[in-house]
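Participant: Below: sequence and its predicted model.
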Amino acid sequence: MTTILIVEDEETVLETLAYNLRQEGYKVLTAEDGEQAIEIIRRKKPDLVVLDIMLPRLDGLAVCRIVRKDPQVASTPIIMLTARGTQSDKMIGLDSGADDYVTKPFELGEFLARVRAVLRRAPGRAVTSQVLTGGDITVDLAARRAYRGKQELQLSQKEFDLLAELMRNQGAVLSRDLILTRVWGYDYYGDSRTVDVHIRWLREKIEDDPSHPTHIITVRGVGYRFEG
Ligand code: CA
């Protein structure tokens, strides 16, 4: 199983990332400061480290440099997180040896795509290929492609993330608020009509008759449910 260590002292960010990576099928370890991170990296040798720059004790840049100098763990892929977004910070992040760099606030879909991309590039690492199926709909999470029968669906990034989230929870009702949090992210300040609009677009692409859907079912007063 692919193991990912998340290093972040902000609890809400840590929990959201951990939750979503677990949903993707990864084993998740967490650390809340730089020293703890180094210890876990040496002991558990995770397949990927998601490392916030701003950390107590030892910041992310220092952690990254220490890891790169330790032959036992030097090739560990690292994705750096930071709230700052200037070009020079990006240079600092990549100079310190990070494989990729994500600026907060970020979209979960984009973050997960970066995780997959970095894992794919990592030499000698297992690639988690996850395919979800429900009826005639297939979603390839690793390739970020969706199909109806053999026909590839042309979905926007959000439509893809929404379909994947519904299909991961087949048969279960997801409330609009839950969908907003999971697909749009914890820092998204939209309202739940955003979900309805994207559901409508998705139905037009995957249903025989969008006004009588058989895949994405409306559960009145609650939310939506995917049926295969
Ligand atoms: Ca932080």
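Facilitator: That came in fine, so what should we check first? What you see is a predicted model, and the numbers here were worked out from it, not measured in a lab. Numbering: from 1, shown residues only.

Participant: Okay, residue 80 and residue 12: tell me how far apart.
Facilitator: Here the distance between residue 80 and residue 12 works out to 19 Å (C-beta to C-beta, to the nearest Å). (C-beta placed from N, C-alpha, C; glycine too.)

Participant: Between these two, point out the one with more neighbours.
Facilitator: Between residue 80 and residue 12, counted using other C-beta atoms under 10 Å, residue 80 has the larger neighbour count: 27 against 10.

Participant: Flag every buried residue along the helix or strand where that one lies.
Facilitator: If you go by DSSP states H and E, residue 80 is part of strand 78-82. Of all the residues in strand 78-82, those buried under the rule 16 or more other C-beta atoms under 10 Å are 78, 79, 80, 81, 82.

Participant: Could you look up the SS state of residue 212?
Facilitator: Reduced to three states with DSSP: H, G, I helix; E, B strand; the rest coil, the structure at residue 212 is coil.

Participant: for residue 65, what are its contacts?
Facilitator: Contact partners of residue 65, counting by C-beta atoms under 8 Å, 6 or more residues apart in numbering, are 96, 97.

Participant: so what pLDDT did it get?
Facilitator: In this prediction, residue 65 carries a pLDDT score of 90.

Participant: Relative to the whole chain's centre, how far out is the helix or strand hosting it?
Facilitator: Remark: residue 65 resides in helix 60-69, with elements defined by DSSP H and E. Taking C-alpha atoms, centre = their mean, to the nearest Å, one finds the center of helix 60-69 at 23 Å from the center of the full chain.

Participant: and what of stretch 171-187?
Facilitator: Stretch 171-187 has its average C-alpha position 14 Å from the chain's average C-alpha position, going by C-alpha atoms, centre = their mean.

Participant: sorry, back to before: ok and the helix holding residue 65 relative to strand 78-82, angle-wise?
Facilitator: Going by axes from the mean of the first three to the mean of the last three C-alpha atoms, to 10 degrees, helix 60-69 is angled at 170 degrees with respect to strand 78-82.

Participant: So is helix 60-69 next to the ion?
Facilitator: No: if you take C-beta under 5 Å from the ion as the test, helix 60-69 misses the ion, and the best it gets is 8.1 Å.

Participant: quick check, residue 171 in a strand?
Facilitator: No: with three-state DSSP as the criterion, residue 171 is coil rather than part of a strand.

Participant: that older thread, mind listing what's buried along the helix holding residue 65?
Facilitator: By neighbour count with 16+ other C-beta under 10 Å, helix 60-69 contains the buried residues 60, 61, 62, 63, 64, 66, 67, 68.

Participant: Next: stretch 20-33.
Facilitator: Along stretch 20-33, these residues count as buried under the neighbour rule (16+ other C-beta under 10 Å): 20, 21, 23, 24, 26, 28, 29, 30, 31, 32, 33.

Participant: Would you mind listing what in the chain touches the ion?
Facilitator: If contact is defined as C-beta under 5 Å from the ion, the residues of the chain in contact with the ion are 9, 10, 52, 54.

Participant: As JSON lines, those with distance to residue 121 and neighbour count would be great.
Facilitator: Listed next are the residues of the chain next to the ion as JSON lines, based on distance: C-beta to C-beta, whole Å; neighbours: other C-beta atoms under 10 Å:
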{"residue": "9", "distance to residue 121": "28", "neighbour count": "15"}
{"residue": "10", "distance to residue 121": "27", "neighbour count": "15"}
{"residue": "52", "distance to residue 121": "21", "neighbour count": "26"}
{"residue": "54", "distance to residue 121": "26", "neighbour count": "15"}
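
Participant: In strands, which of those appear?
Facilitator: residue 52 (DSSP state E).
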